[in-house]
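Asks: Provided below for reference: sequence and predicted model.
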Amino acid sequence: MIKRTSGGVKMKKKIIGILLAVTLTVSQAGIVVYAEDVTWEDEFTQMDEADESETPEADVAWDGESEISETEDDEEQVEVTEEDTEAGVEETNTETEESPVSEEESLFSDGVGELFSSGDTIVYDADEMEPFKSRTLKEVADEYAKARYAGATYSNSDSSTWYQEPCSTSAPYAAGVLTQDTHTAMTAMTNFYRWLSGLNSLKNSSTHSDSLQVQALVRNFEFSHWVSDSSKPADMSDEMWNAGAPCRHNILARGYTPQGAITGWMNEGYSLRSQSWDTTGHRYALIEASLSDVQYGFSGGIAIGAGVASGNTSDLPFSAFPAPGYMPSRLVSPSSSAWSVRINKNTLKIADSTKVTAVITNLNTGNSYECTKENGKLRVSGVEIDMVQPSDYSGSRYTDSYRVQITGLQDAATGSEAQISYTTRFADITEEMPSYVTSVTADAREYVIYKTMDNIESIKKVAAILPKQVWATAESGKKIRVSVKGEWEINEADKCFVNSADPSGLPENITDKNHLLDEVKVPYKISDDYYDSYNTLYISPQKVKEGENIELGVYRTNISTDTSQIYKLTAKEDGTYSAVKKYDSSESPEFDKEASDASVYSATHIYKKSGVTLDDAGEYISVYYSSSSQSRIYVCRATKTLEVEHTHTWDEGKITKASTCTKKGTKTFTCTVCGKTRNQEVSVVAHKFTTWKTTTAATALASAKQTHKCSTCGKTETRNYGNKLKPSIKVNISSILLKTSQKTTLLRVSGLAKGDSIVSWKSSNTNIAKVYGRSNGTCTIQAGTRSGKAIITIALRSGLKKNITVTVQKTTVKTTKITGVATSLKLKRNQKATLKPVLQPLTSGEKITYKSSNTKIAIVNSKGQITARSKGTATITVTSGRKSVRCKVIVN
């Protein structure tokens with residue numbers, strides 16, 4: 001029974017037909033996807049736990065046409081209750097509650113989308129409708145990525161992320177509890193297909209249901225909506241079996257991942273292999289327009305779903321799958337997925353299903369075919385039109401664009417003929433789809449190294465031949481070549497080579513959120529297998545002269561392999577090695593296939609090298625493997641070294657270390673053929689001195705100092721240059737006359753040569769006169785109380801001496817002469833001038849007096865300062881003792 005939740009009106013549906021999938025044969029199976037068809041990355045991934053002999057299957061518990069009374073309000077929510085469903089099953093065991101959606105219900109609102117008239121026919125073309133008209137491939141890729149990664153902790157490839165509480169399909173049995181992220185992932189993928197079809201998202205996310213989980217668990221033992229009690233495991237409780245055996249669901253699948261089951265349910269309807277129709281009920285249990293709530297369960301290998309509410313509407317005139325616009329080719333199974341359309345009964349009608357014709361045209365090739373009920377390629381059921389899908393796909397995917405035109409319809413509003421048109425453009429979204437790195441691998445899965453090479457030095461040589469790029473595989477399936485960051489390192493404990501890859505090599509839409517590029521490992525195996533001891537490299541001969549020929553051979557114990565390579569090794573300063581591939585059986589002209597095939601067991605790959613050069617000299621290592629897988633790369637048991645004799649041709653040489661005046665230099669000669677070098681000693685060079693430069697001038701004590709410097713080595717030499725300066729001395733008084741006890745400071749010494757100085761002042765008779773001299777040339781002479789003469793001697797550092805005679809008398813020293821007074825002066829009124837007479841001798845003890853002849857004209861004070869007072873002439877008389885001089889002052 002179905003109960004209206006808001007109006008209280010109960011309705012009863014009559015099930016017209018029920019399709020079951022109980023075997024893998026194509027009869028009334030819900031959906032059968034053959035193992036060879038499961039090639040869409042992991043959109044259809046089977047469970048790791050599933051038996052390899054099984055293939056993913058799906059089944060629907062309702063299909064075909066059904067009847068339902070008109071509802072009071074098409075927008076009211078309808079849901080299936082467990083009680084009503086159980087009652088229906090228990091009553092007849094041939095009926096079960098359908099999805100809460102019927103083709104006869106109002107699936108769409110009254111909108112009609114984009115249409116145009118062509119004659120008397122109204123055409124509804126999705127290519128002119130939103131959202132299909134403006135939808136881009138990147139938008140489709142982005143939406144798919146959002147759905148695929150919607151559950152933060154859910155991983156399609158890791159079953160440990162699916163369960164909050166694990167399930168168990170053996171005693172003790174447990175249905176398990178899915179994580180909410182698993183429910184979110186399943187709902188998100190459902191919403192993606194709805195978005196792709198232009199429909200509204202479900203209003204509710206799937207959440208945990210004890211009922212759906214136990215139903216899924218039970219159907220691990222019998223894959224059917226209605227299970228027989230005979231399938232019950234003997235060690236399972238009746239309570240658990242009875243809780244899960246009733247059919248309280250709509251759709252069923254096995255062999256998928258939780259999210260992969262959504263895509264599996266979408267791909268059904270027609271088998272190109274058996275040319276037989278199948279149900280599309282699973283598909284529309286997910287993308288029927290009015291659905292608003294679908295709940296899921298998953299246990300063991302069984303996915304299960306139940307539509308529980310229909311509260312959505314759509315204003316599109318129809319929906320289609322595969323959808324109009326860009327359609328990810330990875331999401332459609334060409335061998336099993338019929339193409340279908342559901343019409344909006346408010347917009348379109350099917351008056352006569354025999355008149356409905358669909359024409360599908362491959363726009364890339366121009367080929368088209370017609371689908372009708374008469375030719376068996378069209379199926380009409382209520383508001384649904386199913387078409388046999390195109391068979392012109394390549395491999396396992398569609399790659400072209402197709403135009404679909406469906407005629408024979410009727411416009412609901414006008415009764416006019418109507419037509420549906422749309423274009424589906426299949427595209428690979430791998431390049432556009434945002435994703436993240438899930439694995440990083442090198443071309444080689446394992447290096448097999450015989451035990452004779454089991455030492456760190458040999459393994460470093462193997463590390464040198466590892467690839468400089470690795471493969472980063474995204475969750476989307478995209479594979480990217482990424483460069484490694486540095487040299488491969490060796491992890492002896494884990495027996496692997498380790499490197500990191502550069503994330504800058506990833507395209508913008510691929511991230512390394514799990515940091516898998518941080519550590520890339522390539523394992524190696526140390527083999528003690530007897531047969532691996534024959535994995536050898538030979539060079540014959542190993543010592544040759546330039547221009548001669550050699551033969552190299554790689555013996556392959558595993559003769560099923562087809563590729564060998566030989567690398568030349570070069571030791572590096574840091575103790576590691578670099579390698580250059582020199583020979584490759586798949587591309588090198590030196591590879592002699594005929595000789596190789598003629599070798600014993602055809603096991604030796606033979607290379608013939610003509611005209612060996614010095615560049616060929618060095619150490620070699622070889623490997624061989626199968627080009628189809630490179631799962632194992634076999635390394636030779638020992639490296640080989642080729643020696644090439646060579647006569648050097650030296651160039652003219654180049655100074656690599658310049659000689660100096662004190663050290664010898666180096667000249668390096670290089671062989672123009674091989675590049676080898678040899679060194680020759682270069683003699684020291686003579687000094688190149690600059691001109692002499694005086695650094696210290698001559699003095700009375702020393703001659704001048706000169707230096708010069710070598711411009712090559714910087715050596716400096718110093719010498720004395722020229723003579724000392726001639727000593728000299730000057731005094732301002734040659735003799736001094738003093739009265740007893742008189743003191744004078746009048747004596748001054750000057751005119752010393754540069755560098756000279758006074759070292760002493762001495763009196764010959766200190767009773768007559770004492771002298772107190774200073775180094776600055778001044779002195780004080782003090783006469784004694786006795787009269788007489790004394791000699792004052794001034795001695796210089798240079799040795800020069802000067803004598804001054806001092807005469808001491810009892811009487812005052814008389815002035816003998818007055819000098820230094822001008823004979824006349826011209827002044828202006830009030831102008832001043834000072835007379836500065838000099839007495840002879842300087843030590844005269846007589847005072848100087850000044851007198852004006854006319855004080856009205858000019859006056860003079862005791863210090864000899866004259867002041868002009870009025871116009872006229874006056875005479876100033878300067879007197880000392882008996883001596884006097886006159887100065888005529890003219891005032892203007």
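Replies: Yep, it's here. Numbering: from 1, shown residues only.

Asks: In a helix, residue 259, correct?
Replies: Yes - assigned with DSSP: H, G, I helix; E, B strand; the rest coil, residue 259 falls within a helix.

Asks: Contacts for whatever helix or strand residue 457 lives in, please.
Replies: Taking DSSP states H and E as the criterion, residue 457 maps to helix 456-464. Helix 456-464 is contacted from outside by 447, 449, 453, 487-490, 492, 497, 524, 567, 569, 575-579, 619, 621, 635, 639, using C-beta atoms under 8 Å, 6 or more residues apart in numbering. Bear in mind the C-beta positions are built from the backbone N, C-alpha and C, glycine included.

Asks: just the buried members of those residues?
Replies: Burial by neighbour count, judged by 16 or more other C-beta atoms under 10 Å, picks out 447, 449, 453, 487-488, 490, 497, 524, 567, 569, 576-577, 579, 619, 621, 635, 639 from the contacts of helix 456-464.

Asks: Next one: residue 158 from residue 386, what distance?
Replies: Distance, residue 158 to residue 386, using C-beta to C-beta, to the nearest Å: 36 Å.

Asks: So between those two, which is more surrounded?
Replies: Counted by other C-beta atoms under 10 Å, residue 158 and residue 386 do not tie: residue 386 has more neighbours, with 24 against 12.

Asks: pLDDT at the closest residue to that one other than its chain neighbours, what is it?
Replies: Nearest residue to residue 386, sequence neighbours excluded (C-beta to C-beta, 6 or more residues apart in numbering): residue 379, at 4.2 Å. Looking at residue 379, its pLDDT reads 98.

Asks: next one: the one 4 residues further on
Replies: Turning to residue 383, the model gives it a pLDDT of 95.

Asks: same question, residue 444
Replies: At residue 444, pLDDT is 86.

Asks: Quick check: which element contains it?
Replies: Following DSSP H and E, one finds residue 444 outside all helices and strands.

Asks: what's the closest non-adjacent residue to it?
Replies: Closest to residue 444 by C-beta to C-beta, 6+ apart is residue 633, at 4.5 Å.

Asks: Determine how far stretch 515-528 lies from the middle of the whole chain.
Replies: Mean-position distance between stretch 515-528 and its chain equals 23 Å (C-alpha atoms, centre = their mean, to the nearest Å).

Asks: Kindly check the end-to-end length of it for me.
Replies: 36 Å (C-alpha to C-alpha, to the nearest Å).

Asks: Identify the residues contacting it?
Replies: Contact with stretch 515-528 is made by 437-442, 444-451, 454, 459, 462, 466, 470, 472, 482, 484, 488, 491, 494-503, 512, as judged by C-beta under 8 Å, 6+ apart.

Asks: What are the buried residues along stretch 849-866?
Replies: Neighbour-count burial for stretch 849-866 [16+ other C-beta under 10 Å]: 850, 852, 857-860, 864, 866.

Asks: got the CA positions of that stretch in CSV?
Replies: C-alpha atoms of stretch 849-866 as CSV (Å, rounded to 0.1, in the frame of the first residue of the first chain):
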residue,chain,number,x,y,z
THR,A,849,108.3,109.7,27.3
TYR,A,850,106.1,111.5,24.7
LYS,A,851,105.4,115.2,24.3
SER,A,852,103.3,117.2,21.8
SER,A,853,104.4,120.7,20.7
ASN,A,854,100.8,121.8,20.3
THR,A,855,98.2,120.0,22.2
LYS,A,856,95.5,121.9,20.4
ILE,A,857,96.6,120.3,17.2
ALA,A,858,97.5,116.8,18.5
ILE,A,859,97.9,115.2,21.9
VAL,A,860,99.8,112.1,22.9
ASN,A,861,99.5,109.8,26.0
SER,A,862,102.1,107.9,27.9
LYS,A,863,101.7,104.8,25.7
GLY,A,864,102.5,106.8,22.5
GLN,A,865,98.9,107.0,21.3
ILE,A,866,98.4,110.2,19.2
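
Asks: what's next to it, contact-wise?
Replies: By C-beta under 8 Å, 6+ apart, the surrounding residues in contact with stretch 849-866 are 825, 827, 832-837, 848, 867-880, 889, 891.

Asks: Can you turn the buried part of those residues into a ChimeraX selection?
Replies: Selection command for ChimeraX covering only the buried members of the contacts of stretch 849-866, criterion 16+ other C-beta under 10 Å:
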select :825,827,833,835,837,848,867,868,869,874,876,878,879,880,889,891
